[in-house]
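Engineer: can you look at this prediction? I've put the sequence above it.
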Amino acid sequence: MGDGMKMSRRGLLARMFAGACSLALAGCDRLSDTTWFPKVLGLGEKATYRAHRLILPRRAMAQEFTEADLSPRFRSNGTAMPGNPAYMRMASNGFADYRLEVDGLVERPMNFSLDEIRALPGRTQITRHDCVEGWSAIGKWKGARLSALLEAAHLKPDARYVVFHCADHAEKVGSSPYYESIDLDDAFHPQTILAYELNGKPLPVANGAPLRLRLERQLGYKMAKYVMRIEIVKDFSGIAGGKGGYWEDRGYEWYAGI
Amino acid sequence: MTGSKRGASGGKPYYRHSLPVRAMHWVNVLLLSILLMSGLNIFNAHPALYWGEESYGGAPPFLDIQARETADGKVFGVTRIFGHEFDTTGFLGTSREPNGELVARGFPSWLTIPGIRWLAMARRWHFFVAWLLVVNGVCFLAYSIAGGHLRRDLLPTGRDWRSVGATIVDHLRFRFPKGEASYNMLQKLAYLSVILLLAPLAVLMGLGMSPALDALPPGWVDIFGGRQSVRTIHFAVAWALMLFTFIHVFMVVVSGFWNNIRSMITGYYRVKSEADHG
């Protein structure tokens, strides 16, 4: 009898424990669905951003690799072919009609053809691309330094962020277009380039032709592909969902250094 | 249970765990659970592990969890380890929704926070809780060093080293010391390996996955084999911590469950006299 009681007490405890666990999990899920709790969790991102900006020298360079380290094929993620008709017309013409607009808080709004961008001070770098999902790939990128463009357009004193407007709709045509934003520390970093070549060849459409951002100290989703327009702003709360990027508007962190 | 009341025969209360240690222990239980489960949700975004710098160097992942479909449209879960495939339907690769439907998913929903596949939210939980855990861990270390907990209770003494063989034999025979107030040698080694090795390694490997911190100095992750190796080690260390937790809870249960639990809640552990050893 004593044994039976012990068993039932043990069974009851186990059931209580399992019940408490599933209640706790349901509680976590319910908290995730509120508007306030994810904001509390978002303090983690703010702490990370502050900590990184505090300890990382502004010019600290991302690791660079050699030709021997290149991934045999650089994975394309997200959009592989923008369905946007204007983009498709440009692509079919080898991007001869492409113009990169630079506007917003600049003294001289400008636009650049691909040849003009290729003529800007550039950089070639073999770097590792880390996706938020967890995978990494190594590619060789050649592009114009973003700092060269920004210096040409001359930022106004209240400029704080660089916003990249893209030709693609990450999920389907009709959804909001892809965009991203970075701060000026990152914008003027020597490895921050607008890449027009991947592995020694013109940037393929699947990887963001004609121009994609390389921002080597952050995750892949920050590196906007199919960049059409660069807008300099004081704050990005008025753009699309207001969180500073396509994925940011869908809950991802604006600072993707981790 | 004999001696379960204070002052009853055969047990004298011994103040084993100070309030800060008890508080930090339970904070740790809660936060580490969330950290593991949100980590598994993040893993589910790309349920594969690699060794080296990158994921697409030609070699397949040495561990991955997939969902596959038979010709007639039935999904099943496959876990591949070093080329060996295991059918893990119902647990890894595919698992059941609350409504009973079998869906493709790395780790099952009851092991992840949030329960649904939601990378953005899982990352929020993970990084927020990681900060809190680091604060908790630093407080614990500071308290343990300054307050003498580390030296007094955790560092092995000369007697511990001399008795290590006997302690192992006793554990293997499931004879656990109940008459001693202090930790035994195996306990000390287990706790120290978590505090000084596994927990710091988990944090370091977490930081190693950050493309920003990899720049400080550039390439330091190569010491551990590269960024994908770092991710793999992070995953392995998380499970090593879970293995510790399973053994820890098992030992708590078999070496006097109520006494152990009470001592971690009220602080008081009842030391049995020799006569009580049955």
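Structural biologist: That came through, no problem. Please read all numbers here as calculations on a predicted model, not as lab measurements.

Engineer: so where do the strands sit in chain B?
Structural biologist: Under the criterion DSSP state E, chain B contains strands at B:11-15, B:48-49, B:63-69, B:75-81, B:84-87, B:93-96, B:102-105, B:268-272.

Engineer: list the buried residues in the third one.
Structural biologist: Under the neighbour-count criterion of 16 or more other Cβ atoms under 10 Å in any protein chain shown, strand B:63-69 has B:63, B:64, B:65, B:66, B:67 buried. Heads up, the C-betas are built off the backbone N, CA and C, glycines and all.

Engineer: give the closest residue to residue A:142 in space, chain neighbours not counted.
Structural biologist: In this structure, residue A:142 finds its nearest non-sequential neighbour in residue A:197, 3.9 Å apart by Cβ to Cβ, 6 or more residues apart in numbering or on different chains.

Engineer: what's the one you found in contact with, if anything?
Structural biologist: A:124, A:140, A:141, A:142, A:143, A:203 (Cβ atoms under 8 Å, 6 or more residues apart in numbering or on different chains).

Engineer: can you count the residues close to residue 236?
Structural biologist: With no chain named, the answer covers chain A. 22 (other Cβ atoms under 10 Å in any protein chain shown).

Engineer: switch to chain B, please.
Structural biologist: 15.

Engineer: show the pLDDT at it.
Structural biologist: Predicted confidence (pLDDT) for residue B:236: 98.

Engineer: kindly report the same for residue A:8.
Structural biologist: 75.

Engineer: pull out the buried members of the contacts of residue A:197.
Structural biologist: Buried subset of those (neighbour count, 16+ other Cβ under 10 Å): A:140, A:141, A:142, A:143, A:203.

Engineer: got phi/psi on the second one?
Structural biologist: If I follow you right, that is residue A:141. Backbone torsions of residue A:141, given as degrees, to the nearest 10, read phi -110, psi 140.

Engineer: find the nearest non-adjacent residue to it, please.
Structural biologist: residue A:195 (4.2 Å).

Engineer: surely that neighbour is in a strand?
Structural biologist: Yes - counting by DSSP: H, G, I helix; E, B strand; the rest coil, one finds residue A:195 located in a strand.

Engineer: which two of the buried residues of strand B:63-69 have the greatest separation?
Structural biologist: B:63 and B:67 (15.3 Å; Cβ to Cβ).

Engineer: residues in contact with the residue nearest in space to the middle of chain A?
Structural biologist: Closest residue to the average C-alpha location of chain A: residue A:222 at 1.0 Å, with Cα atoms, centre = their mean. Residue A:222 makes contact with A:180, A:182, A:213, A:215, A:245, A:256, according to Cβ under 8 Å, 6+ apart.

Engineer: distance check, residue A:141 against chain B.
Structural biologist: When Cβ to the nearest Cβ, to the nearest Å is the yardstick, residue A:141 and chain B sit 14 Å from each other.

Engineer: where does the stretch 151-278 of chain B come near chain A, residue by residue?
Structural biologist: Residues of the stretch 151-278 of chain B that fall close to chain A, judged by Cβ under 8 Å from any Cβ of the partner chain: B:209-219, B:221-222, B:227-228, B:231.

Engineer: so which of these belong to helices?
Structural biologist: Among these, the ones falling in helices (DSSP state H) are B:227, B:228, B:231.

Engineer: and residue B:141, what's its pLDDT?
Structural biologist: 95.

Engineer: just the helices in the stretch 101-250 of chain B please.
Structural biologist: For the stretch 101-250 of chain B, the helices defined by DSSP state H, counting those that start in this stretch occupy B:119-146, B:149, B:158-162, B:164-172, B:185-192, B:199-208, B:227-254.

Engineer: among those, which is nearest residue A:115?
Structural biologist: When the helices of the stretch 101-250 of chain B are ranked by proximity to residue A:115 (Cβ to Cβ), helix B:227-254 comes first, at 35.8 Å.

Engineer: now the residue nearest the centre of chain B. Nearest residue, chain neighbours left out?
Structural biologist: Residue closest to the mean C-alpha point of chain B, counted by Cα atoms, centre = their mean, is residue B:241 at 2.4 Å. Leaving aside its sequence neighbours, residue B:241 sits nearest to residue B:198 (Cβ to Cβ, 6+ apart; 5.5 Å).

Engineer: tell me how many other residues crowd the one you found.
Structural biologist: For residue B:198, using other Cβ under 10 Å, the count is 16.

Engineer: per-residue confidence at it?
Structural biologist: Here, the pLDDT recorded for residue B:198 equals 97.

Engineer: and residue A:77, by the same measure?
Structural biologist: Note for residue A:77: predicted pLDDT of 90.

Engineer: repeat for the one 3 residues further on
Structural biologist: The model reports residue A:80 with a pLDDT of 89.

Engineer: so it sits against residue A:205, correct?
Structural biologist: Yes - Residue A:80 is in contact with residue A:205 according to Cβ atoms under 8 Å; the separation is 7.3 Å.

Engineer: those two: which has the busier surroundings?
Structural biologist: residue A:205 (19 against 13).

Engineer: the closest residue to residue B:245 other than its chain neighbours: what's it in contact with?
Structural biologist: Counting by Cβ to Cβ, 6+ apart, residue B:245 lies nearest to residue B:32, which is 7.7 Å off, once chain neighbours are set aside. Contact partners of residue B:32, counting by Cβ under 8 Å, 6+ apart, are B:133, B:241, B:245.

Engineer: report the angle between the one helix or strand residue A:18 maps to and helix B:227-254.
Structural biologist: Assessed by DSSP states H and E, residue A:18 sits inside helix A:2-33. Helix A:2-33 runs at 140 degrees relative to helix B:227-254, counting by axes from the mean of the first three to the mean of the last three Cα atoms, to 10 degrees.

Engineer: report all helices and strands that helix A:2-33 contacts.
Structural biologist: helix B:119-146 (3 or more Cβ pairs under 8 Å, 6 or more residues apart in numbering or on different chains; DSSP states H and E).

Engineer: buried stuff in the helix it packs on?
Structural biologist: B:119-133, B:136-137, B:140-141, B:143-144.

Engineer: relative to strand B:268-272, how tilted is the least confident helix or strand in chain B by mean pLDDT?
Structural biologist: Lowest by mean pLDDT, DSSP states H and E among the helices and strands of chain B is strand B:11-15, with a mean of 82. Per the same axes, to 10 degrees, the angle that strand B:11-15 makes with strand B:268-272 is 140 degrees.

Engineer: contacts only, for residue 123.
Structural biologist: Just going to use chain A. By Cβ under 8 Å, 6+ apart, the neighbours of residue A:123 are A:142, A:143, A:145, A:190, A:191, A:193.

Engineer: was after chain B, sorry
Structural biologist: Contacts for residue B:123 were tallied using Cβ under 8 Å, 6+ apart; they are A:132, A:252, A:253, B:38, B:42.

Engineer: PyMOL command for the buried members of those residues?
Structural biologist: PyMOL command restricting those to the buried ones, with burial defined by 16+ other Cβ under 10 Å:
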select buried, (chain A and resi 132+252+253) or (chain B and resi 38+42)
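
Engineer: where does pLDDT dip in the chain?
Structural biologist: In the absence of a named chain, chain A is used. Scanning chain A for pLDDT under 70 picks out the ranges A:1-7, A:170-174.

Engineer: you looked at the wrong chain, it should be chain B
Structural biologist: Across chain B (using pLDDT under 70), the flagged ranges come out as B:1-10, B:178-179, B:273-278.
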